[in-house]
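Chemist: Kindly return the folded structure for what I paste below:
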Amino acid sequence: MVTLFALETVEESKVDGLLRGLIVLTKIICLIYLLFISLNIYALNSEAFIIKVGRNPQKPVLLNNMIYIANKFENSITIIDPQSHIVKETLNVVKSPLRPFLGGSMIYVMSEFDGEVQVLDPRDNHKLIANFFVGAYPREAVQINNLIYIASFSDSMIYVINSQTHSILQKIKSQGHVNQLLIYDNNLLTLESNPAYINIRDKEYLINNQYAVDNYAKPLHIAGKDIYLVSSVGNSCAVFDAHDFRLCARIKIANYLNRPIYYNNHVYISSEENSKLYVIDTRSYEIIKILDVEALPRSATVIKDKLYVANKGNSSVSIIDTQSHELNLTLRVGRRPRAPVLINNFLYIAHSGCDTILVIPMNKVQE
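Modeler: Numbers count the residues shown, from 1 in each chain. Now for the predicted structure:
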């Protein structure tokens, strides 16, 4: 028995040693990678710099003249002064926080994990003034006047919240799991799955129109007079008239399509399957150009006539001119970048893979 115990102790010691060694090695790799990023950014221009934040940062958002960054794997919010670019405070908040948003003059922080919503007063050191629960896996909130709408995927419910009293006014039962809420022409649109429908609700939240869609449908995007709906595995994009939901076109593209981006009579859709960007003319519903971007393009945004596509696989951001539809520049950034956000003439790019924010002066990108 003594010999057996001694063997077990030796084996446990070896395992502990291996684990400690792996942890040290991981830290060294992260430090080397951060140095590599810094050298690449310095090569881009010497005025760019990096801000260390929490684990798995989401896209920055400017609220009440301060920058808020939700750190999803750290249950925290990093607050940055946009003038000095200095971290002012880190708040412990809900589990797996999504991007904060304004409700009235208060900051709302919502948990993707269990649906807890915290309401913070930014005028009083972010004091917690209210909290309540919506269902787990809530979708991005939308607002009309003093009302906030939050859909919960887990319990197939839409929560109506008064942004003045910070309380739940009403719960609306949906037919399926709500993937997205949109406001269009003062109507509430819901994209639902199992069963898969776009439901349009009136002011009393009753369904007055319903349209069957692909069960693999990705988020809706309103593009002028039309609504674009892509399917993650359906190899196509459906275009509906936003007023009567008449099917205007079905455009064959590729699999694993990302959210459409609309700008100046064109819609841009990237595919993770083939790392290409498709440019669609919204007047003819035709693909007029196909561009090569880099591996695993994900989120995208338009800033000052340029389309920025964050490429998760290659740690890069492709910049496309929306007039010529040509690739202008590729920025080498940190691991798993999110689409840039423009704040006070600086580009902020969150790196979810290395827990940092890259800040680049906009005039340096445009040179």
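
Chemist: Every contact and neighbour count from this point should use C-alpha atoms.
Modeler: Fine.

Chemist: In PDB, could you pull the C-alpha coordinates for stretch 316-334?
Modeler: Only the C-alpha atoms of stretch 316-334 are listed here, as PDB (Å, rounded to 0.1, in the frame of the first residue of the first chain):
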ATOM      1  CA  SER A 316      -6.400  40.800 -40.900                       C
ATOM      2  CA  VAL A 317      -8.800  43.500 -42.000                       C
ATOM      3  CA  SER A 318      -9.500  44.000 -45.700                       C
ATOM      4  CA  ILE A 319     -10.400  47.600 -46.800                       C
ATOM      5  CA  ILE A 320     -12.500  47.900 -49.900                       C
ATOM      6  CA  ASP A 321     -13.300  51.100 -51.800                       C
ATOM      7  CA  THR A 322     -17.100  51.300 -52.100                       C
ATOM      8  CA  GLN A 323     -16.900  53.400 -55.300                       C
ATOM      9  CA  SER A 324     -14.600  51.300 -57.300                       C
ATOM     10  CA  HIS A 325     -15.200  48.000 -55.400                       C
ATOM     11  CA  GLU A 326     -11.500  47.400 -55.400                       C
ATOM     12  CA  LEU A 327      -9.300  46.200 -52.500                       C
ATOM     13  CA  ASN A 328      -7.400  49.200 -51.200                       C
ATOM     14  CA  LEU A 329      -5.400  47.800 -48.300                       C
ATOM     15  CA  THR A 330      -5.100  44.800 -45.900                       C
ATOM     16  CA  LEU A 331      -4.200  45.600 -42.300                       C
ATOM     17  CA  ARG A 332      -2.300  43.000 -40.300                       C
ATOM     18  CA  VAL A 333      -3.800  43.000 -36.800                       C
ATOM     19  CA  GLY A 334      -4.200  40.700 -33.800                       C
END
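
Chemist: which residues sit against it?
Modeler: Residues from elsewhere that reach stretch 316-334, judged by Cα atoms under 8 Å, 6 or more residues apart in numbering: 34, 37, 40-41, 44, 263, 279, 289, 291, 293-294, 305-311, 315, 337, 339, 351, 353-354, 356, 358.

Chemist: From the chain's centroid, how far away is it?
Modeler: The chain centre lies 19 Å from the centre of stretch 316-334; the measure is Cα atoms, centre = their mean, to the nearest Å.

Chemist: Just the buried residues of it, please?
Modeler: 316-322, 325, 327, 330-334 (16 or more other Cα atoms under 10 Å).

Chemist: Between those, which sits nearest residue 158?
Modeler: residue 317 (35.2 Å; Cα to Cα).

Chemist: what about the stretch 201-350 of the chain, any weak spots by pLDDT?
Modeler: Filtered on pLDDT under 70, the stretch 201-350 of the chain yields no residues whatsoever.

Chemist: do that again at 90, thanks
Modeler: Along the stretch 201-350 of the chain, the parts satisfying pLDDT under 90 run over 201-222, 224-225, 231-236, 241-246, 255.

Chemist: Show me what residue 343 is bridged to.
Modeler: Going by DSSP bridges, residue 343 is paired in beta bridges with residue 346.

Chemist: Report the separation between it and residue 109.
Modeler: Distance from residue 343 to residue 109, counting by Cα to Cα, to the nearest Å: 20 Å.

Chemist: can you list the buried residues of stretch 316-334 in a markdown table and add distance to residue 149 and secondary structure?
Modeler: Shown next, in a markdown table, are those (distance: Cα to Cα, whole Å; DSSP: H, G, I helix; E, B strand; the rest coil):
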| residue | distance to residue 149 | secondary structure |
| --- | --- | --- |
| 316 | 34 | strand |
| 317 | 32 | strand |
| 318 | 34 | strand |
| 319 | 34 | strand |
| 320 | 34 | strand |
| 321 | 35 | strand |
| 322 | 33 | coil |
| 325 | 36 | coil |
| 327 | 38 | strand |
| 330 | 38 | strand |
| 331 | 37 | strand |
| 332 | 38 | strand |
| 333 | 35 | coil |
| 334 | 34 | coil |
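
Chemist: ok, those residues vs residue 211, which is closest?
Modeler: Using Cα to Cα, those come closest to residue 211 at residue 322, 32.4 Å.

Chemist: and that closest one, how far is that from residue 303?
Modeler: Counting by Cα to Cα, the gap from residue 322 to residue 303 is 10 Å.

Chemist: Check residue 208 too.
Modeler: Taking Cα to Cα, one finds residue 208 at 37 Å from residue 303.

Chemist: Looking at the two, which one has more neighbours?
Modeler: residue 303 (15 against 10; other Cα atoms under 10 Å).

Chemist: so what's the more buried one up against?
Modeler: Taking Cα under 8 Å, 6+ apart as the criterion, residue 303 is in contact with residue 342.

Chemist: Mind listing the residues bridging to it?
Modeler: Beta-bridge partners for residue 303, by DSSP bridges, are residue 306.

Chemist: Also residue 292?
Modeler: residue 276.

Chemist: right, and it touches residue 273 too?
Modeler: No: counting by Cα atoms under 8 Å, residue 292 sits too far from residue 273 to count as a contact (11.9 Å).

Chemist: end to end, how far does stretch 349-364 reach?
Modeler: 15 Å.

Chemist: just the buried residues of stretch 316-334 now: which is nearest residue 178?
Modeler: Residue 178 lies nearest to residue 317 out of the buried residues of stretch 316-334, by Cα to Cα, at 30.7 Å.

Chemist: burial count for the residue nearest to that closest one when sequence neighbours are not counted?
Modeler: Excluding the flanking residues, the one nearest residue 317 by Cα to Cα, 6 or more residues apart in numbering is residue 310, at 4.5 Å. Using other Cα under 10 Å, residue 310 has 30 other residues around it.

Chemist: So for stretch 240-258, what gets flagged as buried?
Modeler: Neighbour counts over stretch 240-258 (16+ other Cα under 10 Å) mark 240-242, 250-251, 253-258 as buried.
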